[in-house]
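Visitor: Got a predicted structure here, sequence first:
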Amino acid sequence: MGDTVEISLEQFEETLWGRTSRAPPQPPMRAVDTARREFRKLFFTETGDRKKNELVKSDSIAITTVSKVVNKISLPNDLCASISQSRIQRHDPSSYKVHAGLYSRDVLSNTTRADWAHMRLYLQFEEGSSVYDPFNDASSDPTGKYTADELEELRDQMVERFTKAVYKTLNYQHRTFVCALLLNAGGEFRATLLDRKNLYVSASTDFAEDPTALLRVLWTFASLDDVGQGIDPTAVRVLPGSPQHARMDLWARENAALDMPYEEDEDVTRFFTTHEDDHEASLSMHTRSKTDVPTRPVMEYVRAAFRDSLAAPWWPRYKLRVGPEGREFLVGKPVFMANGMFGPGTRGYVALDAKEDRFVFLKDVWRISCEGVEAEGVFLEEMAAGSADPDVKLEMVIPTVVAHGNVLDQTTRVIRKAVDGQDDESMPDGFSGGDSTSSGSHASGSTTAHDTSGSGSGSGSNLQPSSNESCTSGEPDGEDRNRGPVKRGLVHYRLAMSEVCMPMSSFKNGKQLVRLIVDCMKTHRDAYNHFHLMHRDISWGNVLIIPVVMDIDGRKIVVWKGALTDWELSKRIPKDRSVKYRPNGWVGTFQFTSVAHVNHPDVPKQIADELESFLHVLIYHGMRYLRNNLYSPSEFIVYFYHTCGVLGSCSPEKTHGMRYGRIGVRFKDDSGKEKHPLSRVMYKEMLPLFVARYTVLEWEDHNKTKDSFWKPVYAEPSADTKAKAALLDNHDALLAQLQACLDHPEWPLADKVGDQLGPEMDPDRRVVSLRSVHCDDMTTKRPAHSENSEAAVKRRKRWDEN
């Protein structure tokens, strides 16, 4: 999650414009006079008395601000505003709420719909004074109009509107940050600036008496160029009628002569009769040189996914630059978008490689940036190079890197609140979304890519993370010997890969599921043993399927392989296993992280933790898709995987299941009998190893307790128990168990019954929403004076939930 930091309006303006020799532009007096005249009509009576807040409606503020002020004062760069409406309650036609956006005049439409693809700045209008705004800590309404609970509900509604608007802007566009203004009926406004790490909010400022400050913010923002306003210069719109737009349409069309079936064991020899290719072909196989029309075969689901990404005519298409060479890829709507305003903001695209005319998967993410944290593409390239020992044959299935690198110097930064009236010298030089040398990006001009692939630091000199954030460096103990803990923020990063994978949920039966998971475990084993890498984020979204074309008995046959993906949270483990690296808190995806690591994030992840995550992924897919004995698989999955225990621990069901080996689910064969090979290997062989491990861990924790008087009596585990627990120190035992399970002669062929999760359960919005986060990314800073107040706690919860 991110931090919400309240700063002064002066700090906000300085950050927006940047510290340069040029003073920020000032609105002309005629513009200030126009605004003062119109706002006085709105907020004051004819006798000069201030109107009560309830007499000023939000739609009146919107009309006055947009029609009578902003669009009358001629903002720089020909920006103008447009009013839009959104419905608060889906089934209530009268519950429309007015908001507005700042746009370039040449893209302004006449509809009442917000144009999220072109909006430069969002304006939100609310009833009441700043007491009601979501950044206020007040626990009671001084007017007595609302109870405390009603006040919280009102603020929650404001937060929902704000977060939805910002989220849509971030999704439709490619932004380094988003600015917004919140204006209320009390005649006060706040300016906000959100990047993927922090939300900066200016102090509430009056604009009814004197609109100069409001106009100054608008004038400053409008005077900036695209980069200064948060537009990513490496993402260029592909407009209808352009050659690239037509090219995308052409490559999206169905092509019976080239669209290969992708089901396992399919014979696709006929697609290669005119193309000699003696090596294994991946699913991304396509034209290797630029042509006017597609000429090489591709898996039909890949082209279909690309076609679906172009289906929404209102969704903008982009040309994205990736890597130090600025390699270009054409994309439509993402096939995956992470939830929320804060965090990595991961977006996944099926993209068209403009250089080689082939389909690839493109990942756009704001990744952790600090010394010792390497980019995902670095790990993938290193593993793809293979073992240095020619006698070692690795069994790894990982994506193939096409291009990768940090996007210019785009990093998140921190503004520190001034203390005792003194400016904080750690404030960065503006909030430039591009090259750090341009600060506020006042002048137009070309931007040179300064890619730092693999360095992980972006423009490190300008990065000023908050004081409570740190991450481990390359030192074994996780600390720089000379400077102490290494600070971190987020850096914008893109990675293009040859393979467009399928979700693991596409498996056809339980036996195939186990085989695919085994593939992923072998990849994990080889990465650890030969490259000293710990993945640290085994989850249902990171184990995928790659259909490949292989030569079998002179025919080209489709074979499905399990791929372990998303290596961005990986960590290099010391070759000397006796040297312990220092963890930087809990890491992974909550639902699939081991009970031991969730309960003890101060202990580095071990192989046993990773193997437990594989087991959870296997059980999760079984519960969700295989025929089983659960009365309500959906409820069981919620309670077992998606529910937090006390103080953020795992659910009691998950904890009990791993401690005692009793989970409660039994898989059924085609006849409905509970005689499934997966149940047998799970309960008879795999779980007993984890029971042994938790028995040993419990005894070890007991021995660490200093107060012997309060120690419960724990018998030392037997040698057999310790030996079983030790089997989880490497991959061999579990892999052997699963391999033997695959050899079972009575595997059912029709045990997959479809998704049993239920439409009411959205796995992307439960608990931590099935995305990879760090525990310390879930904290939220508040102004010091209210940090520990009850109202501040409620406000923290309100923003964290959105």
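Guide: The structure has been received and is ready for your questions. Note that this is a predicted model, so its numbers are computed, not measured.

Visitor: switch to C-alpha atoms for all contacts and neighbour counts from now on
Guide: Fine.

Visitor: Could you check how many residues crowd around residue 701?
Guide: Residue 701: 9 surrounding residues under other Cα atoms under 10 Å.

Visitor: Can you list the buried residues in the helix or strand harbouring it?
Guide: In the assignment (DSSP states H and E), residue 701 maps to helix 687-704. Residues of helix 687-704 classed as buried: 687-697, 699 (neighbour count, 16 or more other Cα atoms under 10 Å).

Visitor: would CSV of these with distance to residue 9 and pLDDT be doable?
Guide: Below are the buried residues of helix 687-704 laid out as CSV (distance: Cα to Cα, whole Å; pLDDT from 0 to 100):
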residue, distance to residue 9, pLDDT
687, 58, 97
688, 60, 97
689, 59, 98
690, 55, 98
691, 57, 97
692, 59, 97
693, 55, 97
694, 54, 96
695, 57, 95
696, 56, 95
697, 53, 94
699, 56, 90
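
Visitor: so after the helix holding residue 701, what's the next helix or strand?
Guide: helix 719-726.

Visitor: after that next one comes which helix or strand?
Guide: Per DSSP H and E, the first helix or strand lying C-terminal to helix 719-726 is helix 732-742.

Visitor: Check which helices and strands that following helix is in contact with.
Guide: When contacts are defined as 3 or more Cα pairs under 8 Å, 6 or more residues apart in numbering; DSSP states H and E, helix 732-742 packs onto helix 510-531, helix 677-681.

Visitor: can we see that at 7 Å?
Guide: Counting contacts by 3 or more Cα pairs under 7 Å, 6 or more residues apart in numbering; DSSP states H and E, helix 732-742 is packed against helix 677-681.

Visitor: what's the average pLDDT for the helix it packs on?
Guide: Taken as a whole, helix 677-681 has a mean pLDDT of 96.

Visitor: List the buried residues of it.
Guide: In helix 677-681, counting by 16+ other Cα under 10 Å, buried: 677-679, 681.

Visitor: need the buried residues of helix 687-704 in a markdown table with distance to residue 214, can you?
Guide: Listed next are the buried residues of helix 687-704 as a markdown table, based on distance: Cα to Cα, whole Å:
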| residue | distance to residue 214 |
| --- | --- |
| 687 | 63 |
| 688 | 66 |
| 689 | 64 |
| 690 | 61 |
| 691 | 63 |
| 692 | 65 |
| 693 | 62 |
| 694 | 60 |
| 695 | 63 |
| 696 | 63 |
| 697 | 60 |
| 699 | 63 |
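
Visitor: Show me which pair in those is furthest apart.
Guide: Using Cα to Cα, the buried residues of helix 687-704 span at most 18.4 Å, a distance reached by 687 and 699.

Visitor: Could you point out which of the buried residues of helix 677-681 is nearest to residue 548?
Guide: For the buried residues of helix 677-681, the nearest to residue 548 is residue 678 (26.0 Å; Cα to Cα).

Visitor: Contacts for the helix holding residue 701, please.
Guide: Helix 687-704 is contacted from outside by 658-661, 711, 714, 716-717, 721-722, 724-725, using Cα atoms under 7 Å, 6 or more residues apart in numbering.

Visitor: switch to 8 Å and redo it
Guide: With contacts defined as Cα atoms under 8 Å, 6 or more residues apart in numbering, helix 687-704 is touched by 612, 658-661, 711-712, 714-717, 721-722, 724-728.

Visitor: the inter-axis angle of it versus helix 719-726?
Guide: 100 degrees (axes from the mean of the first three to the mean of the last three Cα atoms, to 10 degrees).

Visitor: Tell me which helix or strand the residue nearest to residue 199 when sequence neighbours are not counted sits in.
Guide: In space, and not counting its chain neighbours, residue 199 is closest to residue 4: 4.7 Å by Cα to Cα, 6 or more residues apart in numbering. Assigned by DSSP H and E, residue 4 belongs to strand 3-7.

Visitor: pLDDT (mean, whole number) over whatever helix or strand comes next after that strand?
Guide: Toward the C-terminus, strand 3-7 is succeeded by helix 9-17 as the next helix or strand (DSSP H and E). For helix 9-17, mean pLDDT is 89.

Visitor: Appreciated, that's everything.
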